[in-house]
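> Got a predicted model here, sequence first, then my questions.
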Amino acid sequence: MACPESRTPSGSEPRAREGHRDGINRAEAPILGDRRQVAELLGISIAHVSKLLSSGRIPGPRRLGRAVRWDLDELRHWSASGCPSRSRWDVIRKGGRS
């Protein structure tokens, strides 16, 4: 239970923003995520993210210097498409057939 000091006054509870199903304003949500964020998004462990990456079963990350980050929107679309292999996902993403 939350401490009484941290409670919001009655009638000022946060509400989901109109037009956003999950209540997240996409302008404020992170665009790129690290392994921890990817694991949370997919509901798996960080070690499993690493295994999927090394086996080519998850879309590849972007490299920003030494940082490795995934496009979180791409991962949402990948998951909604049935989690195809990386090679199949590249074909789907580019609009080709295979």
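In hand now; what should we look at?
> in the longest strand that the chain contains, what counts as buried?
Assignment by DSSP state E gives strand 67-71 as the longest strand of the chain. For strand 67-71, burial by neighbour count (16 or more other CB atoms under 10 Å) applies to Arg69, Trp70, Asp71. The C-beta positions use only the backbone N, C-alpha and C, and glycine is treated the same way.
> can you put those in a markdown table and add distance to Arg57?
Supplementary listing: the buried residues of strand 67-71 in a markdown table, determined by distance: CB to CB, whole Å:
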| residue | distance to Arg57 |
| --- | --- |
| Arg69 | 18 |
| Trp70 | 13 |
| Asp71 | 17 |
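> Which one of these is nearest to Pro61?
Trp70 (4.8 Å; CB to CB).
> which stretches of the protein form helices?
Assignment of helices within the chain using DSSP state H yields the ranges 35-42, 46-54, 72-80, 86-93.
> Distance check, Arg69 against Pro30.
Spatial separation of Arg69 from Pro30 under the definition CB to CB, to the nearest Å is 9 Å.
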